[in-house]
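# Pasting the sequence and the predicted model now:
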Amino acid sequence: MNPGRRPVIVGNWKMNPDHTSALALARECAGVADEAGDQVTVGVAIPYVWLSPVEEIVEGSRLQIGAQDVSPHVSGAFTGDISAGMIEPWCDFAIVGHSERRQHHGETDEEIRDKIAALHSAGMTALLCVGETASQRADGSAREVVAGQLQRATTGLTGTGQPPLQVAYEPVWAIGTGVSAEPDDVQDMASHIRAVLAQIAPVLAETTPILYGGSVTAANSQQFLNCADIDGALVGGASLKGSEFAGIVRAVREI
Ligand code: PGA
């Protein structure tokens, strides 16, 4: 962690949970965010349909609310899609480029770039996910893959006059597997990401929080946050249990 950047912990609920549980979990997360105060930025990226009821329940708390995706388009004949303008009343941020969307929906870096632009036009933060697959790590191309994802998705960003960007390094093989990456490898990739950001705009390298994601738990979160270039965590499975999510935020506060 770097004292110049506030740590960021974001829960990614994915296609979970049901209505009743979502409201209960949101209340718990709001309590966690308020307890953390300005020590940690705490957010949850939740299914579109829960945005409005959750926002109502957590109104007045410090919990940041996000969507898990957004359309690159403003409006029009895009059946099933949701625009940045539609989520803006309830959202502070949206995830873009999650590997599950790249894999199951064939998302390209160019679409992801347009999604970031759409979020910025609506005044929201983009949480951009990048990461290599197991075979890319095995064949030694992980750094090149991640740099390419980052460069293509941020084409046109200048670092000035834009709401902020957050980057989550999520090795695909570590997501939902219970096998997290080694802290040394996470730090190595995070400093690489910061160097790529510096080529785009030096201010982006200084200000952009870089999160690690992939089987983060309350028990292992501190080792990632102890990496010099890591500023937070994107948490999937462990964010669905209020007590576990609270444990991750507590662990970060204790560093
Ligand atoms: P996980 O998911 O914590 O369950 O590995 C992380 C993510 O997909 O963002």
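All right, it came through fine.
# Spatially nearest residue to the residue in the chain that the ligand sits nearest to, not counting backbone neighbours?
Closest contact between the chain and the ligand, by CB to the nearest ligand atom, is at residue 236 (2.2 Å). Where C-beta positions appear, they are placed from N, C-alpha and C, glycine not excepted. Take residue 236 and drop its neighbours on the chain: the residue closest to it by CB to CB, 6 or more residues apart in numbering is residue 12, 4.9 Å away.
# how many other residues sit next to residue 217?
17 (other CB atoms under 10 Å).
# re earlier: show the pLDDT at the residue nearest to residue 236.
Note on residue 12: pLDDT of 98.
# Could you do residue 203 as well?
Per the predicted model, pLDDT is 87 at residue 203.
# mind checking the SS state of residue 177?
Classification of residue 177 by DSSP: H, G, I helix; E, B strand; the rest coil places it in coil.
# Count residues in the vicinity of the closest residue to it other than its chain neighbours, would you?
Using CB to CB, 6+ apart and skipping the chain neighbours, the partner closest in space to residue 177 is residue 215 (6.0 Å). Neighbourhood size, residue 215 [other CB under 10 Å]: 21.
# Is residue 215 in contact with residue 174, as I believe?
Yes: assessed by CB atoms under 8 Å, residue 215 is found in contact with residue 174 at 5.3 Å.
# any common contacting residues for those two?
residue 180 (CB atoms under 8 Å, 6 or more residues apart in numbering).
# so what's the residue nearest to residue 236 bridging to?
residue 45 (DSSP bridges).
# Mind jotting down where the strands sit in the chain?
8-12, 41-45, 64-67, 93-96, 125-130, 165-169, 210-213, 232-235 (DSSP state E).
# by contact count, what packs against the third one?
Pointing back at strand 64-67 there. Other helices and strands packing on strand 64-67, by 3 or more CB pairs under 8 Å, 6 or more residues apart in numbering; DSSP states H and E, are strand 41-45, helix 51-58, strand 93-96.
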